[in-house]
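In: Got a predicted structure plus its sequence, pasted below:
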2 protein chains.
Amino acid sequence: MDLSPTPLLARLEAAPAWSVDRHRAMPPAGATLGDVVRALGFEPEGEAAGPAFPGLGTQRLRAGATLSREGDPADALFVVRYGSFKCQRVSEDGYEQVLAFAGPGDVLGFEALHVGRHTTGAVALEDVGVFVLPWAMLREGRRQSPALDHALQVALSRQLARAAEMAQMMAAVAAEVRLARFVQWVSARAAERGLSATRLRLSMGRRDIASLLGVAHETVSRAFTTLADWGLLHVNNRDIEILDAEALRAATRVTRGLPDEPAGARRLARTRLAA
Amino acid sequence: MDLSPTPLLARLEAAPAWSVDRHRAMPPAGATLGDVVRALGFEPEGEAAGPAFPGLGTQRLRAGATLSREGDPADALFVVRYGSFKCQRVSEDGYEQVLAFAGPGDVLGFEALHVGRHTTGAVALEDVGVFVLPWAMLREGRRQSPALDHALQVALSRQLARAAEMAQMMAAVAAEVRLARFVQWVSARAAERGLSATRLRLSMGRRDIASLLGVAHETVSRAFTTLADWGLLHVNNRDIEILDAEALRAATRVTRGLPDEPAGARRLARTRLAA
DNA sequence: CGATCGTTTGACGGTGCTCAATCACCGTGG
DNA sequence: CCACGGTGATTGAGCACCGTCAAACGATCG
């Protein structure tokens, strides 16, 4: 487990200065329903490309800022425009558990609908921008734009499927397998966005990865160097390069036991990218 | 991990005889949108209590039957009426991973929307009944019944929140803590349905629990007897009785390390319920 | 350039996975 | 009625992986 030395007390009283910018700030506004549809990864149909929709806003946060805090009253839905978040939950014993990472096109805050409060917190891993859709306008917005309605449905469907992927990461026994699956997940997400599927830059730290995978952060470090020793990838801090995608896939296929070190793996001593 | 001795091959060729009843069978039909709303845990408003809705069907399955298989084309949404399911995914190495358990009021198959195929399979743990809402009729149904639209939204929100709960179960390090959280989860679900929160009958076997929690099924057995030794609960096969709810809560609060055996725990030697 | 945080590596101990045997429970058929 | 085989649950023994504690290293930012 993580055991990140971040007791509840410390987190609470440390309410950071920039935390103020989590209050709605939608200065330029002027966003249309079509913009949201596009952010969700769909092409807006004609009627959605209309004028700015009243109530629809945007919000920017700096790295480390929290978009929503667990337990906060929720009055809006968020759609990530750029940047990435970690979604976490704080256990009663004060240790935080990362449940998912969210990137462009992902929907945040929907779990809050059924109780009116956020059940998970969202923290920006880098500078981010989101659309803000107040619950109050959602029904009208969906009525006015069938494309938005459909896009939201599909996005939620994706979200649910993602939860299953997350569970499968934590399902594997061996730490290397978990990490291999995580790297593949990051790679797939990058590819979806049109970025390189082999040269990755992680937006999250080892601690967050460890928390997601359910292992100690030292174990993540060791697993990274192990995968590098096997010649599957280069690791330099948060810069990862996949060297042997096929062998990496093979490593993820092992659920139980340990993956035998691939015989044909080219034993590149782990070298640094920047070197 | 599980390692349930259920290789892919065996599962596939064993396609059971009763598997045929997974083909749509909606003989009595006559279900209304209001029925579905009620199954989702809401009171249907006036207009939803109308006549039978065309396309809306029901389906019954016997214990062990599969409602949907991973990879199958999906053309409908399911709402559980009674009984319970396990939702699972089969890894490429042939071992199955339980991702969640679903009971009355839960929505199944929504993750399939964005790709048109089921990404997880659903297997009945007991005799079950579900409503079948074809995708084709969903839009019209939601338009015709705002109550259904709202109920579905809320149900999906619940579903997403549940995914987070699942992750938190697997987050704990110690097996006893994971199991304690699982028991609490079952208890909470039972209470929601108006059943006893202390006397529980598990609808799933040790293997399935183990798979969900990410431990070996032997470990689940051991953890059960350990919790019983601590006096937290009685265990007799699938019949569980919570003896000390407060101590159980305390046990779930520990995320890292091992929970110290509660000092004041009444050391009831684990006795059998049936004895 | 110093301070702070994140990452890496080491050593050790413990928990849980593996393998295996036993028991309890059923439905079947002798 | 009682063997019989099959499945699921429980318990035991041994070993290895990973969590813990600790320290060194590196990066980033002031």
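Out: Here it is on my side, so go on.
In: Phi, psi for the residue most central in space within chain A please.
Out: Computing the C-alpha centroid of chain A and ranking residues by C-alpha atoms, centre = their mean puts A:Phe101 first, at 1.7 Å. Phi and psi for A:Phe101, reported as degrees, to the nearest 10, are phi -110, psi 140.
In: How about A:Asp239?
Out: phi -100, psi 120.
In: do A:Ala122 as well
Out: The phi/psi pair for A:Ala122 (degrees, to the nearest 10) is phi -120, psi 130.
In: what does the one 10 residues further on give?
Out: Here the main-chain torsion angles of A:Val132 (degrees, to the nearest 10) amount to phi -120, psi 120.
In: Same check on A:Val90?
Out: Dihedral angles (degrees, to the nearest 10) for A:Val90: phi -100, psi 120.
In: ok, it to A:Val123 distance?
Out: 11 Å (C-beta to C-beta, to the nearest Å). C-beta: built from backbone N, CA, C; applies to glycine.
In: ok, for the residue nearest to the centre of chain A, nearest residue in space, not its chain neighbours?
Out: Spatial nearest neighbour of A:Phe101, excluding adjacent residues (C-beta to C-beta, 6 or more residues apart in numbering or on different chains): A:Lys86 at 5.6 Å.
In: For the one you found, list the residues it contacts.
Out: By C-beta atoms under 8 Å, 6 or more residues apart in numbering or on different chains, the contact set of A:Lys86 is A:Val98, A:Ala100, A:Phe101, A:Ala102, A:Ala122, A:Val123, A:Leu125, A:Met204, A:Asp208.
In: One more: A:Phe131?
Out: Counting by C-beta under 8 Å, 6+ apart, A:Phe131 has contacts A:Ala31, A:Asp35, A:Val36, A:Ala39, A:Leu56, A:Gly57, A:Thr58, A:Gln59, A:Phe78, A:Val79, A:Arg81.
In: how close does it sit to A:Gly121?
Out: 19 Å.
In: Near A:Arg143, how many other residues are there?
Out: By the criterion of other C-beta atoms under 10 Å in any protein chain shown, A:Arg143 has 11 neighbours.
In: And what about it, helix, strand or coil?
Out: helix (DSSP: H, G, I helix; E, B strand; the rest coil).
In: Leaving out the residues flanking it, which one is nearest to it?
Out: A:Asp149 (7.8 Å).
In: Just list whatever residues bridge to A:Thr66.
Out: A:Val123 (DSSP bridges).
In: how deep is it tucked in, by neighbour count?
Out: There are 20 residues near A:Thr66, going by other C-beta under 10 Å.
In: cool, the one 3 residues further on as well?
Out: Using other C-beta under 10 Å, A:Arg69 has 18 neighbouring residues.
In: cool, and the one 10 residues further on?
Out: By the criterion of other C-beta under 10 Å, A:Val79 has 24 neighbours.
In: for chain B, what are the nearby residues on the stretch 51-200 of chain A?
Out: Applying C-beta under 8 Å from any C-beta of the partner chain, we find that the stretch 51-200 of chain A lies next to chain B at A:89, A:91-93, A:95, A:97, A:99, A:110-115, A:119-120, A:153-161, A:163-164, A:166-168, A:170-173.
In: Now rank the contacts of A:Phe131 by neighbours and give me the top one.
Out: Neighbour max across these (other C-beta under 10 Å) = A:Val36, 27 neighbours.
In: The helix or strand containing that residue - what's its average pLDDT?
Out: In the assignment (DSSP states H and E), A:Val36 maps to helix A:33-39. On average, the pLDDT along helix A:33-39 is 94.
In: mind listing what the next helix-or-strand element following that helix pairs with, with the direction of each?
Out: Going down the chain from helix A:33-39, the next helix or strand is strand A:57-61, by DSSP H and E. Strand pairing for strand A:57-61, using DSSP bridges, gives strand A:128-134 (antiparallel).
In: If we go by neighbour counts, what in the strand it pairs with is buried?
Out: Residues of strand A:128-134 classed as buried: A:Val128, A:Gly129, A:Val130, A:Phe131, A:Val132, A:Leu133 (neighbour count, 16 or more other C-beta atoms under 10 Å in any protein chain shown).
In: surely the fifth one meets A:Asp75?
Out: No - under the criterion of C-beta atoms under 8 Å, A:Val132 makes no contact with A:Asp75, lying 9.4 Å away.
In: So, low pLDDT: which residues of the stretch 1-150 of chain A?
Out: A:1-29, A:46-49 (pLDDT under 70).
In: Could I get the CA-only coordinates of stretch A:238-245 as CSV?
Out: Extracted in CSV, the C-alpha atoms of stretch A:238-245 (Å, rounded to 0.1, in the frame of the first residue of the first chain):
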residue,chain,number,x,y,z
ARG,A,238,8.7,10.6,-15.7
ASP,A,239,9.9,10.0,-19.3
ILE,A,240,9.1,6.5,-20.4
GLU,A,241,9.9,4.9,-23.7
ILE,A,242,8.5,1.6,-24.8
LEU,A,243,11.3,-0.4,-26.4
ASP,A,244,9.6,-3.7,-27.0
ALA,A,245,5.8,-3.3,-27.3
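In: What is the distance between that stretch and the centre of its chain?
Out: 19 Å (C-alpha atoms, centre = their mean, to the nearest Å).
In: That stretch and DNA strand C in contact?
Out: Yes - Stretch A:238-245 reaches DNA strand C (C-beta under 7 Å from any atom of the strand) through A:Arg238.
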